[in-house]
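# Mind folding the following:
(chains A, B, C and D)
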Number of protein chains: 2
Amino acid sequence: MRGEANTDPGTGDSSKEAPRIRTMFQHTLEHEVPAGTILFAQGEVPTFQIVVLSGSVQLFGRSRDGREVLIEVVRAPDLLIPAAVVTASPYLMQGRAPEPTRFLLIPADAFRDAVERNPHLAKAVLETLAEQFRRMVRQTKNLKLRSAAERVGCHILVLSERQGTPDRAILPYEKHMIASELGMTRESFSRALKALTKIGIGVAGQEIVIRDRARLTAVAKPDPMIDLPAFDDTGRRTLALIERLTG
Amino acid sequence: MRGEANTDPGTGDSSKEAPRIRTMFQHTLEHEVPAGTILFAQGEVPTFQIVVLSGSVQLFGRSRDGREVLIEVVRAPDLLIPAAVVTASPYLMQGRAPEPTRFLLIPADAFRDAVERNPHLAKAVLETLAEQFRRMVRQTKNLKLRSAAERVGCHILVLSERQGTPDRAILPYEKHMIASELGMTRESFSRALKALTKIGIGVAGQEIVIRDRARLTAVAKPDPMIDLPAFDDTGRRTLALIERLTG
DNA sequence: ATCTGCAGTTGATATGCATCAAGGCCGGAA
DNA sequence: TTCCGGCCTTGATGCATATCAACTGCAGAT
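From the prediction side, this is the model:
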């Protein structure tokens, strides 16, 4: 737990919001998990609003016959599925940390209370959730409007932008994960990469070298209405606010 | 406009929220459009928070080569893409009313102001947006985890439940629209329906008769973690609040 | 070192779905 | 009525992607 919550620092008690914030503070834990940790299962009702401080979380959807695909990735700083927490309904996905990851765990009911009482928090959560909604819309468009090869090409372009290296991109996790994130099998992903080899990229393990960005762009046809913008500070702003509120 | 906004009814001015709510009220329009009306284009920045009072709105995603697919349908009562309004960012989809539809148009900045000032409104919008996010997650799972035939079968089951008729379902709009909503071509949709004919459904124009629900269920494998629940009153509650706030 | 298991690649093949093309069935216009 | 023009269906075909299978390379265990 961060900074000994029970030794209440003397914040003025006269402010209307203070009691609730203090509640949120008192029971909020900070927690770090190793790579591979399952955070929650599909179908569970959230007990905490999880705040991703560092690292990332993969969210998997499972079909009844047991197949699992990567639906989305939440990268720090961000909230882990506020949609499930504010509606107090079951997670639709399983959450797993693919790397050592740090969290803030805020009890779900305290979080809902705080959101209801603190307009700034409400606004921040709303913006974060809105951004997440838009990510899902982008993904749906990606799946419905593009071929597998285009999805792979655009993903590489987005990665290279996010990593600030226009001439290369590092695949952030295993290829079969990325394949399922992009809605295809690992074999198809492998073949798509190989095909792109002929139009100006090089593949060496996790590293993709972009030799001919113009040609790759021409083939993959990136689109600002589908692909994620390189920077978005919603998460950072939301995190700053929550850290202020919890200590 | 609803109920002569300028003849201000004597609400007490002492309450802190009143001025903003009144702003929202003053410039809020009620509007009805005929079937086929385009409400906004992909790429436009929202000028209003549109509230769907009756009817529905189809949201289309467009690729750069001009192909358009139905991404989602917003049915009254609901908010039209609060995610774009609260973040003041461009719509990722085009909005079109496929039937005569009534709206409340709340100026976007007045809406954002009101959300920031009124915790009840903030909570309602948050819940509505959360529900919309969850719908998108369900759709992504649907696309990534199921075959075309399964998607068609489950869609029929959902429609029949929503319409309260376990033995039949009426397709709410043209088949080619539903096909693109389900991520396939109209031909594939047609063939999928025909295939399902052999396992206990009948097709007559827009009407689907479900002769053998058990068999259809066995084939389509509906799943509460993917398919929409029959009832959800989030929209209704949000609408009630907004109507109270706007007069 | 050897064994083992998992990630990835590659090839052969299957199949689901799209595409292309033709024709049927309306309902609306003239 | 006839003549359209959508919408839908159906068939033939092709292609994209999945599936199945074999193999490589590597890392961790013994």
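# Surely residue A:67 and residue B:145 touch.
Yes. Between residue A:67 and residue B:145 there is a contact under CB atoms under 8 Å: 6.1 Å. All C-beta atoms are positioned from the backbone trio N, CA, C, and that covers glycine.
# Which one of those two is surrounded by more residues?
residue B:145 (23 against 13; other CB atoms under 10 Å in any protein chain shown).
# which secondary element of chain A has the worst mean pLDDT?
None of the helices or strands of chain A scores lower by mean pLDDT, DSSP states H and E than helix A:18-26, at a mean of 68.
# Quick one: name whatever helix or strand follows that helix.
The helix or strand immediately downstream of helix A:18-26 is strand A:29-33, counting by DSSP states H and E.
# Pull up the residues of chain A that are close to DNA strand D.
A:147-149, A:183-185, A:187-188 (CB under 7 Å from any atom of the strand).
# Format those as TSV; extra columns: pLDDT, neighbour count and distance to residue B:105.
What follows is these, written out as TSV (pLDDT from 0 to 100; neighbours: other CB atoms under 10 Å in any protein chain shown; distance: CB to CB, whole Å):
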residue	pLDDT	neighbour count	distance to residue B:105
A:147	96	12	39
A:148	96	17	41
A:149	96	19	42
A:183	93	21	37
A:184	96	22	42
A:185	96	12	46
A:187	96	10	50
A:188	96	15	45
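# Which of those residues fall in strands?
In strands, judged by DSSP state E, none of these are found.
# now, which of those lie close to DNA strand C?
Answer for the residues of chain A next to DNA strand D near DNA strand C (CB under 7 Å from any atom of the strand): residue A:187.
# And the furthest pair within the residues of chain A next to DNA strand D?
Spatially, the most separated pair among the residues of chain A next to DNA strand D is A:147 and A:187, at 15.6 Å (CB to CB).
# which residues does residue A:131 contact?
Taking CB atoms under 8 Å, 6 or more residues apart in numbering or on different chains, we find residue A:131 in contact with A:232, A:234-235, B:83, B:87.
# Please pick the buried ones from these.
Buried by 16 or more other CB atoms under 10 Å in any protein chain shown: A:234-235, B:83, B:87, out of these.
# out of the residues you listed, which one sits closest to residue B:96?
residue B:83 (18.1 Å).
# tell me the SS of that closest one?
Here residue B:83 is helix, with the state taken from DSSP: H, G, I helix; E, B strand; the rest coil.
# is it true that it touches residue B:130?
No. Using CB under 8 Å, residue B:83 makes no contact with residue B:130, being 10.7 Å away.
# which SSE is the residue nearest the centre of chain A in?
Residue closest to the average C-alpha location in chain A (CA atoms, centre = their mean): residue A:74, at 1.0 Å. Using DSSP H and E, the element containing residue A:74 is strand A:68-75.
# residues in contact with that strand?
A:52, A:56-62, A:80-81, A:93-94, A:135-136, A:139, A:177-178, A:180-181, A:183, A:235, B:137, B:140-141, B:144-145.
# if we go to 6 Å?
Strand A:68-75 is contacted from outside by A:52, A:56-62, A:80, A:93, A:177, A:180-181, B:140, B:144, using CB atoms under 6 Å, 6 or more residues apart in numbering or on different chains.
# Grab the CA positions of it and hand them over as CSV.
In CSV, the C-alpha atoms belonging to strand A:68-75 read as follows (Å, rounded to 0.1, in the frame of the first residue of the first chain):
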residue,chain,number,x,y,z
GLU,A,68,-9.0,-17.4,-26.9
VAL,A,69,-8.1,-14.3,-28.8
LEU,A,70,-6.5,-11.1,-27.8
ILE,A,71,-9.1,-8.4,-27.9
GLU,A,72,-7.2,-5.4,-26.7
VAL,A,73,-4.1,-4.2,-24.8
VAL,A,74,-4.2,-1.6,-22.1
ARG,A,75,-0.9,0.2,-21.7
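# mind listing what that strand pairs with, with the direction of each?
If you go by DSSP bridges, strand A:68-75 pairs up with strand A:56-62 (antiparallel).
# now the partner strand against strand A:29-33, angle please.
Angle, strand A:56-62 to strand A:29-33, by axes from the mean of the first three to the mean of the last three CA atoms, to 10 degrees: 80 degrees.
# Leaving out chain neighbours, which residue sits closest to residue A:107?
Leaving aside its chain neighbours, residue A:107 sits nearest to residue A:27 (4.8 Å; criterion: CB to CB, 6 or more residues apart in numbering or on different chains).
# again with residue A:87
residue B:130 (4.8 Å).
# Would you double-check that that neighbour falls in a strand?
No. Assessed with three-state DSSP, residue B:130 is helix; it does not lie in a strand.
# show me the residues around it that make contact.
With CB under 6 Å, 6+ apart, residue B:130 has these contacts: A:83, A:86-87.
# how about 8 Å then?
Applying CB under 8 Å, 6+ apart, we find residue B:130 in contact with A:82-84, A:86-87, A:129.
# ok so, going back, check the residues of chain A next to DNA strand D one by one and keep those near chain B.
Intersecting these with the contacts of chain B gives residue A:183 (criterion: CB under 8 Å from any CB of the partner chain).
# from what I can see residue A:43 touches residue A:95, true?
No. At 12.0 Å, residue A:43 does not count as touching residue A:95 under the criterion of CB under 8 Å.
# what ranges do the strands span in chain A?
All strands of chain A, identified by DSSP E, fall at A:29-33, A:38-40, A:48-54, A:56-62, A:68-75, A:78-80, A:94-96, A:101-107, A:168-170, A:201-204, A:207-210.
# will you turn those strands into CSV that also has distance to residue A:228?
Formatted as CSV, these follow (distance: least, CB to CB, whole Å):
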stretch, distance to residue A:228
strand A:29-33, 26
strand A:38-40, 23
strand A:48-54, 17
strand A:56-62, 14
strand A:68-75, 11
strand A:78-80, 13
strand A:94-96, 20
strand A:101-107, 20
strand A:168-170, 14
strand A:201-204, 20
strand A:207-210, 17
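# and of these, who's closest to DNA strand C?
strand A:201-204 (5.8 Å; CB to the nearest atom of the strand).
# partners of the closest one, with directions?
Here, using DSSP bridges, strand A:201-204 pairs with strand A:207-210 (antiparallel).
# what's the distance between the partner strand and the middle of its chain?
Its chain's average C-alpha position is 23 Å from that of strand A:207-210, according to CA atoms, centre = their mean, to the nearest Å.
# Does that strand reach DNA strand C?
No. Strand A:207-210 lies out of reach of DNA strand C by CB under 7 Å from any atom of the strand, never closer than 10.0 Å.
# Other residues contacting that strand?
Contact with strand A:207-210 is made by A:156-157, A:159-160, A:166-171, A:193, A:200-203, A:216, as judged by CB under 8 Å, 6+ apart.
# Low-confidence bits of chain A, can you list those?
A:1-22 (pLDDT under 70).
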